[in-house]
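Chemist: Sequence first, then the predicted structure:
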Amino acid sequence: MFSIFQEHRHNAKQIIMLARTELKKDYKGSFLGAGWALVKPLFTLFIYWFAFDVGLRAGGDIDGIPRFTFMLPGFIPWFFISDSILFGSQSIRKNRQFVVKMHFPVSNIMTFTLLAKFYVHLALTALMIIFLCFSGYIPTVYALQFFYYCPLMFLFFLALSWSTAPMSAFSRDFENLVKSIMTGLFWLSGVVWDTYALDVPWLRHLMLLNPINYFVNGYRKAFVSHQWFWQYPTETLIFFVELIVIMLLGIYNYNRLRKKLPDVL
């Protein structure tokens, strides 16, 4: 049951080194190098800023917060979450050499893949804080919740990859399924809208089951709406139940499929 954790023992330096290599590998030979990892999300944010703060001003504020300022703390975790789901599910297939050509702790592949995306997330978070400061939203004590939400987010989607990466290695159909649901996940999560403002009570409660909402809303609580996570005990309880379930399923699926991976890659 604890093979994943055993595979990470004494491998911290190796995982960090591989994460840096993974980040550089995708942009090798380009002028900006790994800096390109910031270009796409920053360009996306520029488009939304231009649309809602310059163009479609009729969009108005949300709970007294300018629309783009409201959306920004939702986009920052979303960029990491979407990359974690996509690249996490593809990680074993893209790094098959570690599985078929050498004795390597396979679960470390998912860890260094997500850690590479995590570096980008930290850089984007720093840029977000700078923007918010210039917009009049100076970080307060509530921003300390970042150190609560951020590690939990990494752990949750790492645990998810323990299931999705081996399953994608076995089936390209599953990998394509993961890709196809990303747009739907974006709009079903409160990245650009307020899930707490839904008029239909049962639908508002249903949104609590989406773990992405926990982080999107959590970053907003930390940086713009200034609320504590314990003010929403039901939401927090549901998330931790989901985290435990995802971890147990991840451990089960990884242990079930690990030894069969060399035969399918």
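Modeler: Done, it's in. Residues are numbered from 1 along each chain as shown.
Chemist: buried set for stretch 143-155?
Modeler: For stretch 143-155, burial by neighbour count (16 or more other CB atoms under 10 Å) applies to 143, 145-146, 149-150, 152-154. C-beta: built from backbone N, CA, C; applies to glycine.
Chemist: from the residues you listed, which ones fall inside strands?
Modeler: Judged by DSSP state E, strands contain none of the buried residues of stretch 143-155.
Chemist: can you give me the helices in the protein?
Modeler: Ranges of helices in the chain, per DSSP state H, are 3-8, 12-25, 36-49, 67-94, 97-100, 107-134, 146-170, 172-180, 182-188, 201-206, 211-220, 233-257, 261-264.
Chemist: Buried by neighbour count: which residues of the first one qualify?
Modeler: It refers to helix 3-8. 4, 7.
Chemist: Show me the residue sitting in the middle of this protein in space.
Modeler: Ile81 (1.9 Å; CA atoms, centre = their mean).
Chemist: Tell me who's in contact with the closest residue in space to that residue that isn't next to it in sequence.
Modeler: Among residues not flanking Ile81 along the chain, Ile212 sits closest, at 5.8 Å (CB to CB, 6 or more residues apart in numbering). When contacts are counted by CB atoms under 8 Å, 6 or more residues apart in numbering, Ile212 touches 77-78, 81, 185, 189.
Chemist: for the worst-scoring helix or strand of the chain on mean pLDDT, packing partners?
Modeler: Least confident helix or strand of the chain, by mean pLDDT, DSSP states H and E, is helix 3-8 with a mean of 75. Packing partners of helix 3-8 (3 or more CB pairs under 8 Å, 6 or more residues apart in numbering; DSSP states H and E): helix 107-134, helix 233-257.
Chemist: If you count neighbours, what's buried in the first one?
Modeler: For helix 107-134, the buried set under the neighbour-count rule, 16+ other CB under 10 Å, comprises 107-121, 123-125, 127-129, 132.
Chemist: tell me the two of the contacts of Ile212 that are most distant?
Modeler: The span of those, defined through CB to CB, is set by Pro77 and Leu185 at 12.5 Å.
Chemist: list the buried ones in stretch 159-171?
Modeler: Across stretch 159-171, burial judged by 16+ other CB under 10 Å covers 159-170.
Chemist: hang on, the earlier thing: neighbour count winner among Pro77 and Leu185?
Modeler: It is Pro77, of Pro77 and Leu185, that has more neighbours when counted by other CB atoms under 10 Å, with 25 against 16.
Chemist: wait, Arg220 sits on Phe70?
Modeler: Yes - taking contacts as CB atoms under 8 Å, Arg220 lies within contact range of Phe70: 7.0 Å.
Chemist: Looking at those two, which is more packed in?
Modeler: Arg220 (25 against 21).
Chemist: Nearest to Lys179 among the buried residues of stretch 159-171?
Modeler: Ser168 (9.9 Å).
Chemist: From what I see, Ala143 and Phe223 are in contact.
Modeler: Yes - between Ala143 and Phe223 there is a contact under CB under 8 Å: 5.9 Å.
Chemist: Much appreciated, bye for now.
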